[in-house]
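> Could you work out the structure for the sequence below:
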Amino acid sequence: TWIVPTFNYQFRMNKPPLSYWLVGMAYQLLGVHVFAQRLVIALFALATLLVMWQLARHIYGGRLAAWVAVAATALTPRFYFMSRRAVIEIILLFCLAAAFYFFLRFYEDRRKRWLLFFYLSIGLGFLDKGPVALALAGLVIGAFLLVRRDFKCLLQMQLPLGAAVFLALVLPWYLAIYSFFGPDFIRRLLLTENVLRYTTVSFGPDRGPFYYLPIFLLDFLPWSVLMIAGFWPLRRQWPRLEDHPRARQLFLLLWLAAPVLFFSLSKNKQEYYIMPAYLAGALLLGGLPRLLAARAEFIRAFRWVLGLVMVVSGLVAVFAAFLLHTILGWTAFAIGLALAMLAIQALGLRQLGRPRWEMALGVPFVNLYLVGLLATFLVIPAIERFRPVPEMARIILSRAGVHDQVGYFVQATPSLCFYTERPILELFGKEELLFHCRRPFRFFCLLRREHLPLLDQAGIPYTILAERPLMETRLKNILNFQTDARRNTFCLVVTQPR
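Numbers count the residues shown, from 1 in each chain. Take a look at the predicted model:
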């Protein structure tokens with residue numbers, strides 16, 4: 001149904017419907033295929049970059065700043081990978097970026113037409129991920145108006161009109177859901193999946209209050225280093241800024257800080273929650289060339305920072321080459337890649353000592369662009385062989401009957417439902433697994449090799465239909481991939497009913 005989101009042939013009650021509607025429309029137009037789903041994500045990622053372009057042009061008034069902001073966003077590794085798989089997060093980024101753009105336009109010229117688009121953006125964000133869109137936008141804008149002491153603007157924002165637009169967009173779906181399920185569904189969606197997820201650790205790992213500081217520094221590399229280095233010239237130039245440029249920089253700083261602070265207080269922390277801060281960081285980076293041009297002392301200090309970034313980038317290139325050798329066995333290619341990347345770093349370091357040193361600013365962008373091309377056309381297709389679910393799903397489709405059961409144990413593979421086009425069992429406890437294995441039906445189950453002794457000890461007869469290496473993205477698992485390959489395998493087994 002288009003009213004109630006479903007997954008695995010069951011009602012999905014943890015997220016609003018916008019992402020489901022968009023993917024469903026893509027399936028209707030293009031067929032049920034991975035490409036259709038990823039096309040939705042890609043289009044919203046491109047739309048986010050277009051909004052970033054408009055924001056940078058508006059804030060700085062030049063194309064150089066816009067190119068820097070867009071390139072820094074597009075070449076942020078987290079944004080790149082999430083643009084392939086996380087439709088909800090990318091839609092939220094687009095909605096927040098659009099909302100902040102329209103708010104800035106309204107704040108500076110007080111034209112009411114911007115308010116309509118602002119409230120529509122907030123409403124779409126709410127339909128995508130719920131109250132978090134409203135909370136982040138309200139936190140940034142509220143802090144901005146408070147620091148500026150511009151309470152008159154709050155009155156001019158026509159909050160009753162905004163509430164009407166917001167409710168006109170959001171309320172029909174909630175009323176439809178209420179008519180189906182009553183208040184329980186809405187209570188679970190708004191209270192359990194938002195308030196309790198924020199205030200309790202039962203929904204995720206218990207991570208400390210400073211968890212996001214290293215995450216931001218590492219996830220946003222190398223831009224995080226360059227952005228932080230830009231705080232010094234920004235601070236020195238702050239008293240000389242006129243009112244509009246100062247307000248814009250203040251807004252970006254609050255946009256940068258709000259997601260990190262907001263989610264640092266959350267009991268449930270996921271690394272991708274602070275992605276909205278990366279957009280603000282990229283926009284701050286867009287203003288760096290103009291700041292550096294203001295005084296010669298800024299340029300001299302920044303050369304050292306840029307040189308450090310290049311050295312670190314060279315080490316990262318060597319490490320990336322090592323991973324290619326370890327995971328894919330591309331030894332010759334890995335050595336060639338490392339030498340090419342080191343040569344680029346060397347040229348950049350040499351350029352730092354010359355009059356047109358600013359050309360060296362392009363070295364990190366060139367590096368990440370080349371890495372992106374490499375990942376898109378070579379590495380990711382090669383790593384597809386470590387995604388065993390599509391192949392195992394084909395085996396299940398060729399062997400499973402109507403009454404046979406399909407599922408996975410512990411190692412979550414929800415995409416199995418998509419590839420087999422049938423409901424799957426999601427099992428996480430030993431007793432659950434043994435119960436379904438003992439039923440008078442064949443049970444096709446995906447599980448790690450290390451869990452096979454559970455079946456052996458219970459005396460359950462089974463046949464291994466397929467076994468494939470499983471690569472996890474944690475660093476220690478990648479480094480131990482070859483030595484751990486036998487244990488870290490994924491099996492498709494079928495039990496034999498007694």
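> So for residue 436, what's the nearest residue that isn't a sequence neighbour?
Taking Cβ to Cβ, 6 or more residues apart in numbering as the measure, residue 436 lies nearest to residue 443, with 5.4 Å between them; neighbours along the chain are not counted. From N, CA and C alone the C-beta is placed, and that goes for glycine too.
> what residues are up against that neighbour?
Residues counted as contacts of residue 443 (Cβ atoms under 8 Å, 6 or more residues apart in numbering) are 404, 405, 406, 407, 436, 437, 494, 495.
> change it to 10 Å
Residues in contact with residue 443 (Cβ atoms under 10 Å, 6 or more residues apart in numbering) are 400, 404-407, 425, 427, 433, 436-437, 460, 462, 493-497.
> cool, and residue 456?
Taking Cβ under 10 Å, 6+ apart, we find residue 456 in contact with residue 462.
> and what of residue 409?
425-430, 432-433, 436-437, 445-448, 451, 454-455, 493.
> ok, now residue 430?
Residue 430 sits next to 409, 410, 451, 454, 457, 458 when contact means Cβ under 10 Å, 6+ apart.
> Pull the number of nearby residues for the last one.
If I follow you right, that is residue 458. Neighbours of residue 458 under the rule other Cβ atoms under 10 Å: 12.
> Report the secondary structure element holding the closest residue in space to it that isn't next to it in sequence.
Residue nearest to residue 458 in three dimensions, not counting chain neighbours: residue 434, with 5.3 Å by Cβ to Cβ, 6+ apart. Assigned by DSSP states H and E, residue 434 belongs to helix 430-437.
> any idea where the strands of the stretch 301-450 of the chain begin and end?
With DSSP state E, counting those that start in this stretch as the criterion, the stretch 301-450 of the chain has strands at 405-409, 425-427, 443-448.
> Rebuild the ones you listed as JSON lines, extending it with mean pLDDT.
Putting the strands of the stretch 301-450 of the chain into JSON lines (pLDDT from 0 to 100) gives the following:
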{"stretch": "strand 405-409", "mean pLDDT": "91"}
{"stretch": "strand 425-427", "mean pLDDT": "90"}
{"stretch": "strand 443-448", "mean pLDDT": "91"}
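> of all those strands, which lies closest to residue 147?
Taking Cβ to Cβ as the criterion, strand 425-427 is the member of the strands of the stretch 301-450 of the chain that comes nearest to residue 147, at 47.0 Å.
> for this protein, what helix or strand is lowest in average pLDDT?
helix 475-479 (a mean of 49; mean pLDDT, DSSP states H and E).
> Extract the C-alpha trace of the helix or strand following it and format it as CSV.
Toward the C-terminus, helix 475-479 is succeeded by strand 489-495 as the next helix or strand (DSSP H and E). Listed in CSV are the C-alpha atoms of strand 489-495, where the atom choice follows Å, rounded to 0.1, in the frame of the first residue of the first chain:
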residue,chain,number,x,y,z
THR,A,489,32.8,-16.7,5.4
PHE,A,490,29.1,-16.6,4.7
CYS,A,491,27.2,-19.8,4.1
LEU,A,492,23.9,-20.6,2.5
VAL,A,493,22.6,-23.8,4.1
VAL,A,494,19.3,-25.7,3.7
THR,A,495,18.0,-28.0,6.4
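> rewinding a little: mind putting the strands of the stretch 301-450 of the chain into TSV with distance to residue 16?
As requested, those are exported to TSV (distance: least, Cβ to Cβ, whole Å):
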stretch	distance to residue 16
strand 405-409	27
strand 425-427	22
strand 443-448	30
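> To residue 163, which of the ones you listed lies closest?
When the strands of the stretch 301-450 of the chain are compared (using Cβ to Cβ), the closest one is strand 425-427, at 39.4 Å.
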